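**Student:** Need coordinates for the below:
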Amino acid sequence: MSDRLLWNSLKNGNRDALETIYRQYFDLLYRYGLRFSSDEAVVQDCIQELFVELWNSKERLSETDAIKPYLLLSIKRKIIRTVQKLRKSTDVELEEYHFDLELDIESIILEGEDIDEQKNKLKKAMGALSDRQKEIVYLKYYEELDYETIASQMDMNYQSARNLLHRAITKMSKHIEVVLLILFLK
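**Tutor:** Numbering: from 1, shown residues only. I've put the predicted structure just below:
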């Protein structure tokens, strides 16, 4: 079933549609949510709250033909706001958040190079990125979102998204050999 039909089915009160969306996107939302908070309970609670809110406001939901970006943006906002409330800090803006990006190092092994050396290079490269750069790398190469969706997700224009990713790759390339960087970006 297409995203548009599934979403419209949810909007029309079909509980099976809500359950299908939940099952289809829970793991993705959970992994993404852990990038903003390492507290698993907070992330799980936020996902549950998101789906309760979807159900309770189903009649007022806007149209979409892309559920994934809608949910990713919603969970990002919900977790950031929840963490802010937990910290009882209102001086942190929504744009100011921590984004953690751990890489699957084992999948980036090159012949003839020591894995510990590769891990160190990759950690150094990732450590040099800002949180927003880490997030855009994640969205582009892990979630395989297009620039338009990423721009919407990160509340920026299309060209700014492209520029941010370019700056992230440029910054990473200072720490990682070109061959390793190319393998990472595939």
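**Student:** what about the longest helix in this protein?
**Tutor:** Counting residues, the longest helix in the chain under DSSP state H turns out to be helix 67-87.
**Student:** these two touch, right, residue 61 and residue 54?
**Tutor:** Yes: at 7.0 Å, residue 61 counts as touching residue 54 under the criterion of Cβ atoms under 8 Å. Yep, even glycine has a C-beta here, placed from its N, CA and C like the rest.
**Student:** For residue 75, give me its contacts.
**Tutor:** Taking Cβ atoms under 8 Å, 6 or more residues apart in numbering, we find residue 75 in contact with 29, 32, 33, 46, 47, 50.
**Student:** In the residues you listed, which residue is surrounded by the most others?
**Tutor:** Highest neighbour count within the contacts of residue 75: residue 46, with 26 neighbours (other Cβ atoms under 10 Å).
**Student:** I'd like to know how far it sits from residue 161.
**Tutor:** In this view, residue 46 and residue 161 are 25 Å apart by Cβ to Cβ, to the nearest Å.
**Student:** Residue 168 now?
**Tutor:** For residue 168 relative to residue 161 (Cβ to Cβ), the value is 11 Å.
**Student:** Between the two, which contacts overlap?
**Tutor:** residue 136.
**Student:** follow-up on the earlier one: who's more crowded, residue 61 and residue 54?
**Tutor:** Taking other Cβ under 10 Å, residue 61 and residue 54 do not tie; residue 54 has more neighbours (19 against 15).
**Student:** Against residue 12, how distant is that one?
**Tutor:** From residue 54 to residue 12 the distance is 13 Å (Cβ to Cβ).
**Student:** Pick out the most distant pair among the contacts of residue 75.
**Tutor:** 32 and 50 (11.7 Å; Cβ to Cβ).
**Student:** Tell me the buried residues in the host helix or strand of residue 166?
**Tutor:** If you go by DSSP states H and E, residue 166 is part of helix 158-173. Neighbour-count burial for helix 158-173 flags 161, 162, 164, 165, 168, 169, 172 (criterion: 16 or more other Cβ atoms under 10 Å).
**Student:** Not counting sequence-adjacent ones, nearest residue to the first one?
**Tutor:** It refers to residue 161. residue 151 (4.1 Å; Cβ to Cβ, 6 or more residues apart in numbering).
**Student:** Next one, pLDDT for the one you found please.
**Tutor:** At residue 151, the model reports a pLDDT of 91.
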